[in-house]
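Visitor: just to be clear, the model below is a prediction. Sequence and coordinates:
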Amino acid sequence: MRRPIGIFDSGVGGLTVAKEIRRLLPHEDIIYVGDTARAPYGGKDEPTLLNHGRDIIRFLQKKDVKAVVMACGTSSSTSFEQLRGEFPNLPMVDTIRPGAKAVLELAANRPGIRLCFVATAATIKNGLFTRLISQERPDLVVHARACPLFAPMVEAGLAAIKNHPLTRFVAEFYLCDLRGQVDAVVLGCTHYPLLTDALTYALGDITFINPAQATAQAAKELLSGDSGDGDHNDSDSPGKTTFYTSGDPEAFARTAHSILLPTHHIYPVAIGIVPHIGVGSSATQLVCRPPQYAHAPAQ
C-alpha cells in the first residue's frame, strides 16, 4: 500500500505547490488540507499558527502520510522548525527555505538584482526570508512588503478574473512606490502566484520567483533519497489527489476549480468531522478525477 504525501495551507494557495508536486511526482498520492475555516493565517500570532500547524499535521498523521509539505509561507516562516522538532520521524518541507535558495541561485547569475519580497504580515514580521538572504548575500537589496489583502482576494475567487479592478487597485496601493525600483518579486505566500497579472500592472515588466517550484523540487529530493530515506513511489499508475477543507467545501471546490483545475471535476465524496481542525468544524473530502461523469458518482 503506497503512502501519500501530505500538503497543507490556510486555503487554496497551497494548490500552487500541489500542482508543481503533481508535475514532478505524477505517481504519488497526495492528501491536501486547506484550512479555510481559520484563514487567513497572515494576521495571526505565532503561538496560534503553531497550534494550527500542529492540528493539521496530527490529522495528516492519521492518514499515514510519509512526508508533509508546509505549502504556506506564513506557517513556514513561523512554525516550521518547531513542528519539525515536535514530529522528528516525519520528513517535512517548507516553502521559505527552498524559496530563499532559488533567490540566491538567481542572484548569482544576475549581479546587482534588486528584489522585492511580498508576503503576509506575519511572514514579514518574522523576517526569516530576509535573514536567510542576508546571511549569504548581505549585499543584496531586498524590499520586504506585507500585502495582507492578497490571500483573502484569492480565497474570494478574484484571482480567477483576469485584470480584476480590485486586485489591480490593491496591488498598486501596496507596491506602486517600488515601480522601477525592483527587478524581481519573490512570491512569499503561495496564494500570490495567482495574482501575477495584478503585480505586473503595479510594478511593470519584472521577474517572478515562485517558491512553489523550488518547494516541489525539495520534496522530490526528500522522497528520492537525496536528503531523505528514499520513500518514493515507483508505481506506474497515476497518483490520486484527495482534498480536505475545514471550511465550506463548495466554496473551496469552486475556487480551486476556477483557478487551478480547469480540466477536472472535483466531487464531494465523504463528509465528516476533521479531527483537530477547529472545534466542531466540518470538512468535505474531495477527489480530483478526469471529467468522465456528468454528475457525482453514487456513494
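Guide: Thanks, I have it. Predicted model only: the values in this text are computed from it and were never measured.
Visitor: and the most centrally placed residue in the chain, what does it touch?
Guide: Geometric centre of the chain, nearest residue: Gly14, 2.7 Å, by Cα atoms, centre = their mean. By Cβ atoms under 8 Å, 6 or more residues apart in numbering, the contact list for Gly14 reads Ile7, Phe8, Tyr32, Gly34, Ala71, Cys72, Thr190. The C-beta positions use only the backbone N, C-alpha and C, and glycine is treated the same way.
Visitor: the second one should be in a helix, yeah?
Guide: No: assigned with DSSP: H, G, I helix; E, B strand; the rest coil, Phe8 falls outside any helix and is strand.
Visitor: isn't it up against Arg38?
Guide: No: at 11.5 Å, Phe8 and Arg38 do not qualify as touching, with contact defined as Cβ atoms under 8 Å.
Visitor: so for those two, which residue has more residues nearby?
Guide: Phe8 (27 against 20; other Cβ atoms under 10 Å).
Visitor: separation between that one and His164?
Guide: Applying Cβ to Cβ, to the nearest Å, one obtains 27 Å for the distance of Phe8 from His164.
Visitor: mind putting the contacts of Gly14 into a markdown table with distance to Gly85, secondary structure and pLDDT?
Guide: As requested, the contacts of Gly14 are exported to a markdown table (distance: Cβ to Cβ, whole Å; DSSP: H, G, I helix; E, B strand; the rest coil; pLDDT from 0 to 100):
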| residue | distance to Gly85 | secondary structure | pLDDT |
| --- | --- | --- | --- |
| Ile7 | 20 | strand | 96 |
| Phe8 | 18 | strand | 95 |
| Tyr32 | 24 | strand | 92 |
| Gly34 | 25 | strand | 90 |
| Ala71 | 20 | coil | 98 |
| Cys72 | 18 | coil | 98 |
| Thr190 | 23 | coil | 97 |
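Visitor: closest to Pro249 among the residues you listed?
Guide: Minimum separation from Pro249 among the contacts of Gly14 (Cβ to Cβ) is found for Gly34, which lies at 9.7 Å.
Visitor: what are the ranges of the strands in the stretch 101-250 of the chain?
Guide: Under the criterion DSSP state E, counting those that start in this stretch, strands of the stretch 101-250 of the chain are mapped to 114-119, 141-146, 184-187, 207-209, 241-245.
Visitor: any low-confidence regions in this structure?
Guide: Judged against pLDDT under 70, the low-scoring parts of the chain cover residues 226-235, 261-299.
Visitor: relative to strand 241-245, how tilted is the longest helix belonging to it?
Guide: Longest helix in the chain by number of residues (criterion: DSSP state H): helix 46-62. Per axes from the mean of the first three to the mean of the last three Cα atoms, to 10 degrees, the angle that helix 46-62 makes with strand 241-245 is 140 degrees.
Visitor: tell me what helix 46-62 is packed against?
Guide: The criterion is 3 or more Cβ pairs under 8 Å, 6 or more residues apart in numbering; DSSP states H and E, and the helices and strands that helix 46-62 contacts are strand 5-9, strand 30-34, strand 67-70, helix 73-86, helix 121-126.
Visitor: try 10 Å this time
Guide: In this structure, helix 46-62 packs against strand 5-9, strand 30-34, strand 67-70, helix 73-86, helix 121-126, strand 241-245, with contacts taken as 3 or more Cβ pairs under 10 Å, 6 or more residues apart in numbering; DSSP states H and E.
Visitor: which of those has the highest mean neighbour count?
Guide: For the helices and strands packed on helix 46-62, the largest average neighbour count (mean count of other Cβ atoms under 10 Å) is found in strand 5-9, namely a mean of 29.
Visitor: partner strands of it, with direction?
Guide: Sheet partners assigned to strand 5-9 using DSSP bridges are listed as strand 30-34 (parallel), strand 67-70 (parallel).
Visitor: quick check: angle from it to helix 73-86?
Guide: What separates the directions of strand 5-9 and helix 73-86 is an angle of 130 degrees, with the same axes, to 10 degrees.
Visitor: when you give positions from now on, start the count at 3
Guide: Sure, I'll start counting at 3 from here, so that last one is strand 7-11.
Visitor: next secondary structure element downstream of strand 7-11?
Guide: Counting by DSSP states H and E, the element after strand 7-11 in chain order, helix or strand, is helix 17-26.
Visitor: re earlier: need the helices and strands packed on helix 48-64 in TSV (columns: distance to Ser226).
Guide: Conversion of the helices and strands packed on helix 48-64 to TSV gives the following (distance: least, Cβ to Cβ, whole Å):
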stretch	distance to Ser226
strand 7-11	13
strand 32-36	16
strand 69-72	11
helix 75-88	19
helix 123-128	29
strand 243-247	20
